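Peer 1: coordinates for the following, if possible.
(2 chains)
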Amino acid sequence: MQLSTRHLLGIKDLTKEDISLILSTAEQFKEVLQRPVKKVPSLRDVTIVNLFYENSTRTRFSFELAEKRLSADTINFAASASSAAKGETLLDTVNNILSMKVDMVVMRHSASGAPHFLAKHVPAAIINAGDGINEHPTQGLLDAFSIKEKTGGLEGRKVAIIGDIMHSRVAQSNIYLLNKMGAKVTVCGPPTLIPKYISQALGVEVSYNLQETLEWCDVANVLRIQLERQNQVLFSSLREYNIAYGINRQLLDNLNKEIVIMHPGPINRGVELDSDVADSKQSIILQQVENGVAVRMAVLYLLANRNK
Amino acid sequence: MKVVLSGHQLATETKLLAEKLLAKHISSENLVLVGIQQGGVVVADKIVEAIRELQPGQTIEYGQLDITFYRDDIRQKIITPDEMHIPFSIENKIIVLIDDVLFTGRTIKAALDALLDYGRPEKVELCVLVDRKEHRQFPIQADYAGQTIKTGKTDKVKLVRNESGELEVVLISEN
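Peer 2: The predicted model follows:
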């Protein structure tokens, strides 16, 4: 078995078999992470650059750890501390790095489509670590892995994605993935934060009612309000958002079942999630982070083998 | 395709291996058996079964090792990993690694690498069902071997299930 693609640009391009292969390989890597020596030699002949044109802690650390646990050599690039600040183009930067014999590029960029552009023009394998408001495929994969681990499967599972859908690459990757794997998806949030034609375009249900959505779902993936990507006022205040769409203890206690709470981080506490929800037993937020390393190991491992 | 070990011979051989193991490790408190995925696990299952028949009531710690991530030919073919299951500490234990066929010795080298990531055993021994002795590429020998057979370098020796579902070892020659 191998992946149908040389790059991981988005979940959109993956087949159902690709997703299953990544998730099952990740299970084996999760076992590796429980061992006394949490490291395997599989990628010791591979060099990877982490190219981050946009801030990140979780994703960058997670990729870096995944690379180290696979014994790959890694170099880190932060745009703010590099020649990009002097005006070098993306393609020039990458070609310079690749001429130093780098095999794979893990890339985050604020422009949607930047990794797709790179994949067309350079010989290295490209892994998208988030591009603008397009996709964040490894987040989609680790969310799916966590849902599967917690609830036993994806087929038929009812997943609500709640909050800032408009600006969320996490939402988009999750929707593609869950649809492909046979889960049911409802997006929920204020009308100003949900794209008007999302239902037709991506085949999801839309709800503006938080209470109803929580009653329907098995899993609630709560997204961060992305103030940095909003260039106009889309809701009146954070306090008002919290009252209408924030998830609190009382809402969850009034449901007749226990749903799973997820969040890709970083959390705006007291905005989309209250602390007594984020830190409760229902929340698998820290398991998501833990699973992220195993899932990224699986992606790097499978792509490295596809590209040699 | 030629049958090297029929179902019946295979049962006899695994029983003999179980007897040899027990003879050497009479007080087997520290003994741990580890089968290498995938063929080795099948053989190890048989050996554990035989030990339980020979010494009923004896508890045997038994694990499964997958070496996919440690292979030195990892870039030459894509291999999906199998399950790893070492549910006990191997620290200061006597470990018997079990595999179906010993050929170049590369699998065993990778298995040793994988095993040592779980801790520091006192001793590691090797037990195989079939030994293709003349093709070794590493200085690795079995402590317990069922059948030693002569094969060509390009031959394949495999543990398979025949049509009636019985386990047997077959030799496949290219010519």
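Peer 1: please state the offset of stretch A:87-103 from the chain centre?
Peer 2: Offset of stretch A:87-103 from its chain centre (Cα atoms, centre = their mean, to the nearest Å): 25 Å.
Peer 1: again, but for stretch B:64-78
Peer 2: Per Cα atoms, centre = their mean, the displacement of stretch B:64-78 from the mean C-alpha position of its chain is 16 Å.
Peer 1: in the chain, where's the longest helix?
Peer 2: Picking chain A for this. What stands out as the longest helix in chain A, according to DSSP state H, is helix A:285-306.
Peer 1: that's the other chain; I wanted chain B
Peer 2: Per DSSP H, chain B has its longest helix at helix B:7-24.
Peer 1: and that one, which residues are buried?
Peer 2: Residues of helix B:7-24 classed as buried by neighbour count (16 or more other Cβ atoms under 10 Å in any protein chain shown): B:7, B:10, B:11, B:13, B:14, B:15, B:17, B:18, B:20, B:21, B:22. Placement of C-beta: from N, CA and C, glycine included.
Peer 1: now for those residues: which two are most distant?
Peer 2: Spatially, the most separated pair among these is B:7 and B:22, at 23.0 Å (Cβ to Cβ).
Peer 1: can you tell if the helix or strand encompassing residue A:130 touches chain B?
Peer 2: Using DSSP states H and E, residue A:130 maps to strand A:125-131. No - using Cβ under 8 Å from any Cβ of the partner chain, strand A:125-131 stays clear of chain B, coming no nearer than 13.1 Å.
Peer 1: pull the residues that contact that strand.
Peer 2: Identification of contacts with strand A:125-131 by Cβ atoms under 8 Å, 6 or more residues apart in numbering or on different chains yields A:6-10, A:50, A:52, A:54, A:56, A:59-60, A:63, A:103-109, A:111-116, A:118-119, A:135-139, A:169, A:299-300, A:303-304, A:306-307.
Peer 1: then stretch A:69-79?
Peer 2: A:29, A:32-33, A:38-44, A:46-54, A:60, A:64, A:67-68, A:85, A:93, A:97, A:102, A:104, A:293, A:297, A:300-301, A:304.
Peer 1: show the buried residues in those.
Peer 2: Buried by 16+ other Cβ under 10 Å: A:29, A:32-33, A:40-43, A:46-54, A:60, A:64, A:67-68, A:93, A:97, A:102, A:104, A:293, A:297, A:300-301, A:304, out of those.
Peer 1: near chain B, list only the ones from these.
Peer 2: Contacts with chain B are made by A:32, A:40, A:41, A:42, A:301, A:304 out of the buried ones among the contacts of stretch A:69-79, judged by Cβ under 8 Å from any Cβ.
Peer 1: and these as JSON lines, adding pLDDT?
Peer 2: Formatted as JSON lines, those follow (pLDDT from 0 to 100):
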{"residue": "A:32", "pLDDT": "93"}
{"residue": "A:40", "pLDDT": "95"}
{"residue": "A:41", "pLDDT": "94"}
{"residue": "A:42", "pLDDT": "93"}
{"residue": "A:301", "pLDDT": "95"}
{"residue": "A:304", "pLDDT": "91"}
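Peer 1: in which helix or strand would I find the nearest residue in space to residue B:18 that is not next to it in sequence?
Peer 2: Excluding its sequence neighbours, the residue lying closest to residue B:18 (Cβ to Cβ, 6 or more residues apart in numbering or on different chains) is residue B:50, at 3.6 Å. Counting by DSSP H and E, the element that carries residue B:50 is helix B:39-54.
Peer 1: gap between the helix or strand following that helix and the chain center?
Peer 2: Per DSSP H and E, the first helix or strand lying C-terminal to helix B:39-54 is strand B:61-65. Remark: strand B:61-65 is offset 11 Å from the chain centroid, using Cα atoms, centre = their mean.
Peer 1: the next helix-or-strand element following strand B:61-65 and chain A in contact?
Peer 2: Per DSSP H and E, strand B:61-65 leads on to strand B:94-102 as the next helix or strand towards the C-terminus. No - Strand B:94-102 is not in contact with chain A by Cβ under 8 Å from any Cβ; minimum separation 15.0 Å.
Peer 1: could you check the angle strand B:94-102 makes with helix B:39-54?
Peer 2: With axes from the mean of the first three to the mean of the last three Cα atoms, to 10 degrees defining the directions, strand B:94-102 sits at 120 degrees from helix B:39-54.
Peer 1: in its sheet, which strands sit next to strand B:94-102, and in what direction?
Peer 2: Using DSSP bridges, strand B:94-102 pairs in its sheet with strand B:31-36 (parallel), strand B:123-131 (parallel).
Peer 1: the next helix or strand along the chain from the longest one pairs with which strands?
Peer 2: The reference is to strand B:123-131. For strand B:123-131, the following helix or strand on the C-terminal side (DSSP H and E) is strand B:144-148. Note on strand B:144-148: by DSSP bridges, its sheet partners are strand B:123-131 (parallel).
Peer 1: need the residues that contact the partner strand.
Peer 2: For strand B:123-131, the surrounding residues in contact (Cβ under 8 Å, 6+ apart) are B:4-5, B:10, B:13-14, B:17, B:21, B:43, B:47, B:94-102, B:108, B:112, B:115, B:140-149, B:157, B:159, B:169.
Peer 1: which of those are buried?
Peer 2: Listed as buried from the contacts of strand B:123-131 are B:4-5, B:10, B:13-14, B:17, B:21, B:43, B:47, B:94-102, B:108, B:112, B:115, B:140, B:142, B:144-146, B:149, B:157, B:159, B:169; burial here means 16+ other Cβ under 10 Å.
Peer 1: that older thread, reformat the buried residues of helix B:7-24 as CSV; add pLDDT.
Peer 2: Formatted as CSV, these follow (pLDDT from 0 to 100):
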residue, pLDDT
B:7, 90
B:10, 93
B:11, 93
B:13, 94
B:14, 95
B:15, 95
B:17, 96
B:18, 94
B:20, 94
B:21, 93
B:22, 90
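Peer 1: ok, these vs residue A:211, which is closest?
Peer 2: Ranked by distance to residue A:211 (Cβ to Cβ), the buried residues of helix B:7-24 are led by residue B:14 at 62.4 Å.
Peer 1: how much space separates the closest one from chain A?
Peer 2: In this view, residue B:14 and chain A are 28 Å apart by Cβ to the nearest Cβ, to the nearest Å.
Peer 1: how about that residue: what's its closest non-neighbour residue?
Peer 2: Excluding its sequence neighbours, the residue lying closest to residue B:14 (Cβ to Cβ, 6+ apart) is residue B:46, at 4.1 Å.
Peer 1: how about the residues of chain B that lie near chain A?
Peer 2: Counting by Cβ under 8 Å from any Cβ, chain B sits next to chain A at B:66, B:68-70, B:74-75, B:78, B:80-84, B:113-114, B:116-119.
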